[in-house]
Structures are given as structure tokens and as C-alpha cells.
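Q: Output the structure for:
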Amino acid sequence: MKNPRIVVDLNKLKENIDFLTSHIKDHQDISVTAITKSFSAHPEIIELYDNCEGIDYLGDSRIENFIKNESASKEKVLVRIPMMTEVEEVVKYVDISFNSEIEVIKKLNEEAKKQGKTHKILLMVDLGDLREGIFEEEDVYTVVGQICELDNIELVGLGVNLTCYGAVIPTENILQTLVDYKNQIEERFDVTLSMISGGNSSSIYMLGQDTKENLPKGVTNLRIGEAFVLGRETAYGKDYKEMHQDVFTLTTEIVEYKTKPSYPIGEVGVDAFGNKPTFVDKGLMKRGIVGIGKQDVDDTAIVPVDSRLEIIGSSSDHLIIDFTKASDDYKVGDEVSFHIDYGSLLSCFTSEYVKKDFIK
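A: Below is the predicted model of the structure:
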């Protein structure tokens, strides 16, 4: 296959999913929404997710990803609060959407009526991370009261986002507040909220043996994305020894391999991105260029599998590497592979120039 490419080991991914869903469900009765945006909901991986018994819902932030995987059998959850311009497609292609604005919810209600459907929603509550969600307690109850008056909207639960923006780590007290909201709403409005979505991969550390924090019993759903694909919880970045951290590998190809100075010759201005770079003069070095760049991936978000190699920098389409410590082991046309993180996984799958290669 042509380079650059991202290699996906579907067997390792399946093992990650099986371990973590069992780990979650062994602790308490929790449904799992598998977040698919990191790999752009690629159909090859969606097929795997759709056939995993431990996964209950498919979640994504992009409506386009649901449209291209319309045939998937599991219920689909839109985890980014919808735009007004998406309302028609949300009702058509999504089973449950996360919401925080009553005006959008009213539009969803109007569209659901047109399509002859009842659209299910989770109301998002902001518990301090300061991304989406209703912040003031009384505003939560006011909005719930308005929702209850809508004929084509079913409020099925509450959700909270933590760590993604404000990096606030979930705690038992924070998530108990979400459960308390649920109890108050059920009592005040005589409704049943079956899905209390207590965060993402950063909440699973509370299911461990070596933590003082415990996931409140009232939490009934978790949204798992990064933990499946990278094999770690995201509150503290701890790897699970039972999981694979190398499901995804980025592979590129050397297009130039020459001995050159390490410091540019001439006056240094700004680069193609408006930044003024700094350089360290290390004398002559074996410099290699591989065929990938900032248009595809952030060079600070990847690490060469060969620890002897050091990334120097990149431009739009070229990644420059110091091969000095391994100069005799590479040549033009050889492949170079990289470990990737969540951000680089996201960008590589978004880039149409990075091919996708699956190991089954």
C-alpha cells in the first residue's frame, strides 16, 4: 500500500474493547457508548464496533459519520450539541442527541413532528469543565419543564463532559451531583431518566482497585473513545497493562536521505506558518525527509518507533528527521513508523492523504 498510511490492528482493537467493556460492566450495570470520531467513523472499524457485544451505542460528534454508517445496527448518539442547520439530519439519522439549548430542542421537536418521530435527547449539565451544558441549577429545572411540554421530544437522561476542555478530572462528588440532578428531576417532573452519562475515558479510573474515588451507582452510561483505541484511561494517562497501546501505527517513507548542516545558512525569518523557528547547531547530521507534513499531522504528536531517530521539524508536506544515530540502517525508500497519540490519530484519519491499512 502507498505511503503515508496508518496501520490498524483490528485484532488488538477487539481485544481492547473486550477487556475494557468487561472491566466496566463487571463493576456495575453501565451501558457503553463507543465514541468513533477519532478514526472518522471508518466503516471497517464501525463494523467491528457494531458487532461487539460490550458496546451498546455508537457515538460521534459529526452527523456525516452517522450518514455514511447508516446501516449500523446499534443506536446512534450525537455527542456534540447540534447546530440549527443540522436539525433535519439529526432527527433523520440519530437516535439520541446531546443538547443544552432549549431553542435547538424546540427545533428538534418541530422537525421530529414533521418526520413522524419522537427524538430522544440527553440534557447536558456543566459541572465545572466549562464546555457545553447548563451551568445554573435552577436553569436546569426550568429547561426540563419546557422539554416536558414538547410532544415529539423524549428526555431520556442527563450528561456531563469533563477533561476534554477544562481538564477537570471526574470525582465521586462531581458525578454524584449529576445523579442528584437526576433524582430531583424525576421527583419534580414525574419522569424516568434511564441514561445518566457520567463522562468519558477519564471516568474509568474510578472503577479501579487503587483509587479512593468510586463511580456513583446512579451513573448508568460512559462514553469511551480514547481508552479503546490507545489502551489507557485519560484522567491521569495511565496505560492498562491488559490492553494494547499500539493498535494504530503511522508509517511513512523516506524521500530524501543526505548529510547536511544542522543550522540553516542565512538570515532566519518566519516559516510557512508565520512562526520564527529556533535551531541548535549540532554540526553535520544525517537528515532524512519523509513524505508527510503538518497538513496531515502535528509533528509534536508523533514519536518514532525507532528511538534512535529524532524529529527536527516539519513543513506542510515534509517531515525532517535526524537519522545520525542510525545512519547506516536507512536509505531512500525505507519506511519509518511512529507511535501516535489521540490528536495525531484524529488528524491522520481526517486527512485523505493518509491511507488506511487494516490488519485482520
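Q: which residues of the stretch 1-150 of the chain fall in strands?
A: 5-9, 31-35, 57-60, 75-78, 96-99, 119-124 (DSSP state E, counting those that start in this stretch).
Q: strands paired with the strand ranked longest in the chain, and their directions?
A: In the chain, taking DSSP state E as the definition, the longest strand is strand 248-261. Paired with strand 248-261 in the same sheet, following DSSP bridges, are strand 5-9 (antiparallel), strand 284-290 (antiparallel), strand 335-340 (antiparallel).
Q: Just the buried positions in the last one, please.
A: Translated: strand 335-340. 336-340 (16 or more other CB atoms under 10 Å). To be clear about C-beta, it is placed using only N, CA and C from the backbone, and glycine gets the same treatment.
Q: Widest-spaced pair of the residues you listed?
A: Farthest pair in those (CB to CB) is V336 and I340. Separation: 13.1 Å.
Q: For the stretch 1-150 of the chain, which segments count as helices?
A: Secondary structure of the stretch 1-150 of the chain by DSSP state H, counting those that start in this stretch: the helices cover 10-27, 43-50, 63-68, 87-93, 102-115, 137-147.
Q: Export these as CSV, with columns for mean pLDDT.
A: Below are the helices of the stretch 1-150 of the chain laid out as CSV (pLDDT from 0 to 100):
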stretch, mean pLDDT
helix 10-27, 96
helix 43-50, 98
helix 63-68, 98
helix 87-93, 98
helix 102-115, 98
helix 137-147, 98
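Q: To T163, which of those helices lies closest?
A: helix 10-27 (17.1 Å).
Q: which secondary structure elements does the closest one contact?
A: Packed against helix 10-27 by the contact rule (3 or more CB pairs under 8 Å, 6 or more residues apart in numbering; DSSP states H and E) you find strand 31-35, helix 43-50, strand 221-224, helix 226-230, strand 355-359.
Q: Including distance to K92 and mean neighbour count, could those go into CSV?
A: Output for the helices and strands packed on helix 10-27, formatted as CSV (distance: least, CB to CB, whole Å; neighbours: other CB atoms under 10 Å):
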stretch, distance to K92, mean neighbour count
strand 31-35, 20, 23
helix 43-50, 18, 18
strand 221-224, 22, 24
helix 226-230, 27, 25
strand 355-359, 27, 15
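Q: which SS class is S327?
A: Under DSSP: H, G, I helix; E, B strand; the rest coil, the three-state class of S327 is helix.
Q: Verify the stated contact: it with K286.
A: Yes. Between S327 and K286 there is a contact under CB atoms under 8 Å: 4.0 Å.
Q: which residues are in contact with both of those two?
A: Common neighbours of S327 and K286, using CB atoms under 8 Å, 6 or more residues apart in numbering, do not exist here.
Q: what sits against F349?
A: 6, 38-40, 42, 356.
Q: any idea how this structure splits into domains?
A: Domain assignment for the chain by automatic domain parsing gives 10-230, 248-359.
Q: Surely A41 and I63 touch.
A: No. Taking contacts as CB under 8 Å, A41 lies outside contact range of I63: 10.6 Å.
Q: more neighbours, the two?
A: Higher neighbour count among A41 and I63: A41, with 25 against 20, using other CB atoms under 10 Å.
Q: Looking at the strands of the stretch 1-150 of the chain, which is nearest to K106?
A: strand 96-99 (10.3 Å).
Q: Restricting the selection to alpha carbons, write that closest one to CSV.
A: Taking Å, rounded to 0.1, in the frame of the first residue of the first chain, the C-alpha atoms of strand 96-99 are listed here in CSV:
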residue,chain,number,x,y,z
ILE,A,96,-30.2,10.3,20.7
SER,A,97,-28.6,13.8,20.7
PHE,A,98,-26.9,15.7,23.5
ASN,A,99,-28.4,19.2,24.0
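Q: Who does that strand pair with, and is each partner parallel or antiparallel?
A: Here strand 96-99 has these sheet partners by DSSP bridges: strand 75-78 (parallel), strand 119-124 (parallel).
Q: Look at S316 and say how many residues are nearby.
A: Counted with other CB under 10 Å, S316 comes out at 11.
Q: what does D151 give?
A: Neighbour count for D151, taken as other CB under 10 Å: 9.
Q: So it is in contact with N109, correct?
A: Yes. D151 is in contact with N109 according to CB under 8 Å; the separation is 7.1 Å.
Q: Find the centremost residue of the chain, please.
A: Geometric centre of the chain, nearest residue: S38, 4.5 Å, by CA atoms, centre = their mean.
Q: just checking, that one touches S347?
A: No. S38 lies out of contact with S347 (CB under 8 Å); the separation is 9.9 Å.
Q: Any regions of the chain where pLDDT drops low?
A: Confidence mapping of the chain against pLDDT under 70 gives the ranges 209.
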